[in-house]
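Chemist: Using only what follows, build the 3D model:
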Amino acid sequence: MALQPPDPENKKIDITSTSIEKSIEIARDFADKLIMPAAEELGLLVRESVSFWRFKNQIRILTKAKEYCEFNNINPQQISPKLLLPLLEGAALEDDEVLQDKWAILLSNLVDSEQNIQNHVFPYILGQISSNEFLVLEKVFGSWHTRTNDLKSELELHKAGFSEVEAALLRKIAAIKSQLEEELENTEGDKYSDKYLELYGLARNMETKLRQHRFKEKQLTRQMGRPEVVPEENLQEFEITNVTRLGLIRYVQETYADPQTVDLPDLDSYSGAGESIDIDIQLSSTEQYILTELGILFVKACTEKQTP
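Modeler: Alright, predicted model coming up:
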């Protein structure tokens, strides 16, 4: 028998609360069968995938750290879990190959008993920095390292030969002064003879060299303490903000006065009554970012140990 369509006039819709609740329950059960198993499986796959990716990063960095230790003859020591675990956690999230190398080098330096680095902030900083930021700071650190090493070598040579050079200069000055006395005797006290003026100039030159020699240690020490300037053109504004926030660089401003020529009044016509001299002082300033001590220590900790 063929089914007949319902008569619209006789159709009754059940809108009782019991009927609606039953419909919702049926729909929810049906949706659970369609969605929930798939969602649970997807979540499991994501968790497994992320965990495996983190695990691979940790294995890669640990392997590289082992290679660095072997190449640089580092005998690894045990370090505190408080230092090791955050480092491995941070390294596990790193997908930049350049920074993965830095994580491995940092780990190899931290386990080096000769260096005895126990700074818990380095893993945090490395996890907060980009590869470009690090490479710029690494180049600045290289310039600082080369400059200070050259100055240290020069200072050591200066100290080693200080007494000998000073004694030689004193002998030369004494000999020249003796010649000056002889010249005065021969010219009956004439301090304007050509020979006297020549000897006098030579004596002054030797005395200047002696003063420079005695001041050189302080000069070299001051140059060694001069901070290294960070080239701003190699960093974007947000990168400068980030490395400044991390304490790796610092903004400094120096103000100084430019030398000025002063025209003094004619002393012959000076009356001594309220005359004054107007001086225009030109002030200049320099604004720059410098590598901080923390920046030096951080980059050094992430730099491969130099083999002797």
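
Chemist: Please determine how far the residue nearest to Phe55 when sequence neighbours are not counted is located from Gln118.
Modeler: For Phe55, ignoring the flanking residues on the chain, the nearest one in space by C-beta to C-beta, 6 or more residues apart in numbering is Ala92 at 7.4 Å. Glycine gets a C-beta too; all of them are placed from N, C-alpha and C. For Ala92, the distance to Gln118 equals 22 Å [C-beta to C-beta, to the nearest Å].

Chemist: So between these two, which is more surrounded?
Modeler: Applying other C-beta atoms under 10 Å to Ala92 and Gln118 shows that Ala92 carries more neighbours, namely 19 against 11.

Chemist: Hmm, that one is touching Ile59, no?
Modeler: No. If you go by C-beta atoms under 8 Å, Ala92 and Ile59 don't touch, sitting 9.6 Å apart.

Chemist: what about Arg212, neighbour count?
Modeler: Heads up, residue 212 is Gln, not Arg. 11.

Chemist: could you say which helix or strand contains it?
Modeler: Element membership for Gln212 (DSSP states H and E) is helix 194-224.

Chemist: List the buried residues in that helix.
Modeler: By 16 or more other C-beta atoms under 10 Å, the buried positions in helix 194-224 come out as Tyr196, Leu199, Tyr200, Ala203, Met206, Glu207, Leu210, His213, Lys216, Leu220, Met224.

Chemist: What of stretch 62-81?
Modeler: Under the neighbour-count criterion of 16+ other C-beta under 10 Å, stretch 62-81 has Lys64, Ala65, Lys66, Tyr68, Cys69, Asn72, Ile74, Ile79 buried.

Chemist: related to what we said a few turns ago, need the phi and psi values for the residue nearest to Phe55.
Modeler: Main-chain dihedrals, Ala92, degrees, to the nearest 10: phi -70, psi -20.

Chemist: quick one: it from Phe52, how far?
Modeler: 11 Å.

Chemist: Could you do Lys159 as well?
Modeler: With distances taken as C-beta to C-beta, Lys159 is found 58 Å from Phe52.

Chemist: Likewise for Gly225?
Modeler: 49 Å.

Chemist: same thing with Ile125?
Modeler: Distance from Ile125 to Phe52, by C-beta to C-beta: 27 Å.

Chemist: These two: which is more packed in?
Modeler: Ile125 (22 against 10).

Chemist: which residues touch that one?
Modeler: By C-beta atoms under 8 Å, 6 or more residues apart in numbering, the residues touching Ile125 are Leu246, Leu248, Phe298.

Chemist: one more time with 6 Å, if that's ok
Modeler: Neighbour list for Ile125: Leu246, Phe298 [criterion: C-beta atoms under 6 Å, 6 or more residues apart in numbering].

Chemist: try the one 3 residues further on
Modeler: When contacts are counted by C-beta under 6 Å, 6+ apart, Gln128 touches Leu246.

Chemist: Can you classify it by secondary structure?
Modeler: Assigned by DSSP: H, G, I helix; E, B strand; the rest coil, the conformation of Gln128 is coil.

Chemist: Sketch out the low-pLDDT regions of the stretch 1-150 of the chain for me.
Modeler: Counting by pLDDT under 70, the stretch 1-150 of the chain shows low-confidence ranges at 1-50.

Chemist: Going by residue numbers, what spans are strands in it?
Modeler: Under the criterion DSSP state E, counting those that start in this stretch, strands are not mapped anywhere in the stretch 1-150 of the chain.

Chemist: Could you do the stretch 201-308 of the chain as well?
Modeler: Going by DSSP E, counting those that start in this stretch, the stretch 201-308 of the chain shows strands at 229-230, 249-257, 283-291.

Chemist: coming back round to it: give the rounded mean pLDDT of the helix holding Gln212.
Modeler: For helix 194-224, mean pLDDT rounds to 92.
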